[in-house]
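Engineer: dropping a prediction and its sequence here:
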Number of protein chains: 2
Amino acid sequence: MALVVQKYGGSSVADGEKIKNVARRVVEAREKGDEVVVVASAMGDTTDELIRLARQVSPEPQERELDALLSTGEIVSSTLLAMALANLGYKAVSLSGAQAGIETDASHSRARILRIEPKRVVEELERGNIVIVAGFQGITQDMDITTLGRGGSDTTAVALAASLKAKVCQIYTDVEGVYTADPRLVPEARRLEEIAYEEMLELATYGAKVMHARAVELGEVYNMPILVASSFSDKPGTIIHGGVSMEVRNRVRGIAHDVDVAKITVVAVPDRPGIASAIFEPLAKANISVDTIVQNASINNITDLTFTVARGDLDKAMSLAKPVAKSVGARECVSDSTLAKVSIIGTGMQHTPGYAATMFRVLYEQGINIQLITTTEIRITCIIAEDRVGDAVRALHKAFELEQAGM
Amino acid sequence: MALVVQKYGGSSVADGEKIKNVARRVVEAREKGDEVVVVASAMGDTTDELIRLARQVSPEPQERELDALLSTGEIVSSTLLAMALANLGYKAVSLSGAQAGIETDASHSRARILRIEPKRVVEELERGNIVIVAGFQGITQDMDITTLGRGGSDTTAVALAASLKAKVCQIYTDVEGVYTADPRLVPEARRLEEIAYEEMLELATYGAKVMHARAVELGEVYNMPILVASSFSDKPGTIIHGGVSMEVRNRVRGIAHDVDVAKITVVAVPDRPGIASAIFEPLAKANISVDTIVQNASINNITDLTFTVARGDLDKAMSLAKPVAKSVGARECVSDSTLAKVSIIGTGMQHTPGYAATMFRVLYEQGINIQLITTTEIRITCIIAEDRVGDAVRALHKAFELEQAGM
């Protein structure tokens, strides 16, 4: 008997009826003859509601307490799902992250899984139970509750699947899979039947919301196939795996975009060693994630240093960068928060020239100005004005013929 | 430094503002120089809300899952209280029942505490923390979450106080203490400054809602003084302890009443050995609690057997009693669900005749018919018509001069 791990997101378990619907889907998987472990997210807006409650009693709740508070959301949905399964005549048992043996480090609100000791999960499966595990949470060696931060329940699911040697980890959500571009921007966008881990990683990192990069990375490390599909339909979804044949498909697999971009330029900074670290260390200490960094070639030992941050971090980043800029002799700091990123992604792009040139030409033909460019072997990202994102994505989708199925 | 355990009920932590109010009260206790451990109930109607949610997905939820679900209510209030305390500048940490070492048997929904291993509680106190423990819950040796059933958080508080050798266990609720009778029925009812464990036990068992008998019993076993007081005022409350002087006070301490009474009479049953067990064993197996049992003297070896149950159990009890009655040759089973219990209670009644006679005379003067009578050394209970409860309690309160402070 093979084992399947299924994960259901918050919108899939948002109320009693939806939980019963999920129970029916779990039963279907079980009736196919597989053992089933289910990872549940908190119902709908529960997590936001709990955070709101916390803010009522404290503007800055202790992270340890906030984690214990938030962890209750997934306990609630897990126990309800176990009840719904029993009501359909199936043996089911829910386990908290702690009971499921999910041990993490003590970084509250953004804990990393150190190891999984799934003894209890295995025992319950051997007793014939469908096992529901509360997502998003774990426990430290000191028996404190932690939460895994963004993408937490996906990470729980993939980590459990790896540790239980499941044949597949199925992520059920409110979209029908991974698309060549956001269907809200591009009506012709096509669902991909399969995608490679590294492509999905770039898509997720550069704006595709369907799955968090962190869980994809874990899937790649353990070579665990991940299916992304809708919990509201029976459409086949997209399988993320390592075995995608490189030659028989479109070279560009997908287009990601992200409008949460702000740019800071330190103007006329002396080009000497130590400047970059002087600017970026305070940002790192403030836990501000700096994305793209570009430094122009210097003229007379004077250069411009430009970098991007999430818009929510812009004010804080400016307040940290300004005094440093001044102290190192730069002229000024300027910012722009009306930007977006557009990326083309595909492992087929490796060692094949011409993709960048095509991308730049397409944007030029649309009259779209490129402000910054970054590339990896399988991704090319341009930073452009936010109000041109739709045009850019549609034009690129057409130019790379993504509406056509792979060869 | 002495240790105080405080317990706050659901109405005391019903919303963010009330939780902040509780935090201020906890701080006051701490500022008096004591170490403080707080036991929190779930906020307001949370437990009922969670049960409603469970019923949406299953008419008969598994008790194990229901316990795990309900346990989240006390985690939420405990973490919020810890946050509110930190916001006042005090170090505070919340612990689940499991983290606080509250080990129970595996009787889900009505678990009994087997032992408390308060190692973590002690460590957190030593670190200078105010420790908040989630009430109502524990963990089995197999690491399953249990709940303690009715009176659960009070029981958690008293058990923790005993295991930590606290100087007192303070139960804060929405009433100002233990009264000589229900103030809603008797405007002259007087708050008792103190009461003995065994008196409080009888009061609680026979209808006083202020505290569950189970927690009082635990207090008696461990000789832990229990203060019952309001979380919304600074009035002194009532202290329950073992050292109440027997001679210098009113002989009757309080009057309890309970309108949740139904009566079943098995009419004209042959008076021979084995009849009673034939009738009551099926009830016990069905988990129906039989309260008062009275068997009349038999005439020609024929007698009537009468007993009372909670009203919610009447239909089930009748359906179990009827076939047994028939099989043992009784004439019929009749029931009455419009009854109430009125009890006078006081350790001073022991070895002192005349209390029963006075009680019966007072009820007679009110024209109240007594249907059944039961007594212990410190309690006399009469079962009367429900619609006469107010009259009975007021008349007895007056006759035993309970509006006057003890001598």
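Structural biologist: Good, I have the coordinates.

Engineer: confirm A:H108 sits in a helix?
Structural biologist: No: counting by DSSP: H, G, I helix; E, B strand; the rest coil, A:H108 is not part of a helix but coil.

Engineer: test my guess that it contacts A:L69.
Structural biologist: No: contact criterion Cβ atoms under 8 Å: A:H108 and A:L69 do not qualify, at 11.2 Å. Every C-beta, even on glycine, is put in place using the N, C-alpha and C of the backbone.

Engineer: comparing those two, which shows the higher neighbour count?
Structural biologist: A:L69 (27 against 20; other Cβ atoms under 10 Å in any protein chain shown).

Engineer: how about that one, what does it touch?
Structural biologist: A:50, A:53-54, A:61, B:75-76, B:79-80 (Cβ atoms under 8 Å, 6 or more residues apart in numbering or on different chains).

Engineer: and with 7 Å instead?
Structural biologist: With contact set as Cβ atoms under 7 Å, 6 or more residues apart in numbering or on different chains, A:L69 has these partners: A:50, A:54, B:76, B:79-80.

Engineer: and the stretch 51-200 of chain A, which of its residues are near chain B?
Structural biologist: Counting by Cβ under 7 Å from any Cβ of the partner chain, the residues of the stretch 51-200 of chain A close to chain B are A:53-54, A:56-58, A:61-62, A:65, A:68-69, A:72, A:75-76, A:79-80, A:82-84, A:86-87, A:94, A:99, A:143.

Engineer: restricted to strands, list those.
Structural biologist: A:S94 (DSSP state E).

Engineer: can you select the buried ones among the residues of the stretch 51-200 of chain A next to chain B for me in ChimeraX?
Structural biologist: This is the ChimeraX syntax for the buried subset of those, where burial follows 16 or more other Cβ atoms under 10 Å in any protein chain shown:
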select /A:53,54,57,58,61,62,65,68,69,72,75,76,79,80,82,83,84,86,87,94,99
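
Engineer: which helices and strands does whichever strand or helix holds A:L203 pack with?
Structural biologist: Element membership for A:L203, per DSSP states H and E: helix A:197-205. With contacts defined as 3 or more Cβ pairs under 7 Å, 6 or more residues apart in numbering or on different chains; DSSP states H and E, helix A:197-205 has these neighbours: helix A:213-222, strand A:254-270, strand A:332-345.

Engineer: C-alpha coordinates for that helix, CSV please?
Structural biologist: Extracted C-alpha coordinates of helix A:197-205, given in CSV (Å, rounded to 0.1, in the frame of the first residue of the first chain):
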residue,chain,number,x,y,z
TYR,A,197,11.5,22.1,-9.1
GLU,A,198,14.0,24.8,-10.1
GLU,A,199,11.6,26.4,-12.5
MET,A,200,8.8,26.4,-9.8
LEU,A,201,11.3,27.8,-7.3
GLU,A,202,12.0,30.8,-9.6
LEU,A,203,8.3,31.2,-10.4
ALA,A,204,7.4,31.2,-6.7
THR,A,205,10.3,33.5,-5.7
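
Engineer: mean confidence score for it?
Structural biologist: Throughout helix A:197-205, pLDDT has a mean value of 89.

Engineer: what angle separates that helix from strand A:254-270?
Structural biologist: Between helix A:197-205 and strand A:254-270, the angle comes out at 70 degrees (axes from the mean of the first three to the mean of the last three Cα atoms, to 10 degrees).

Engineer: just give me how far the top helix by length along chain A sits from the chain centre.
Structural biologist: Ranked by number of residues, the top helix in chain A under DSSP state H is helix A:63-87. Centroid separation for helix A:63-87 versus its chain: 22 Å, with Cα atoms, centre = their mean, to the nearest Å.

Engineer: list the contacts of A:E199.
Structural biologist: Contacts for A:E199 were tallied using Cβ under 7 Å, 6+ apart; they are A:253-254, A:345-347, A:378.

Engineer: against B:A2, how distant is it?
Structural biologist: 64 Å (Cβ to Cβ, to the nearest Å).

Engineer: then A:Q350?
Structural biologist: 71 Å.

Engineer: the nearest residue to A:V334 once chain neighbours are set aside: how many residues sit nearby?
Structural biologist: Nearest non-adjacent residue to A:V334, counting by Cβ to Cβ, 6 or more residues apart in numbering or on different chains: A:T265, 5.2 Å away. Per other Cβ under 10 Å, the neighbour tally for A:T265 reads 22.
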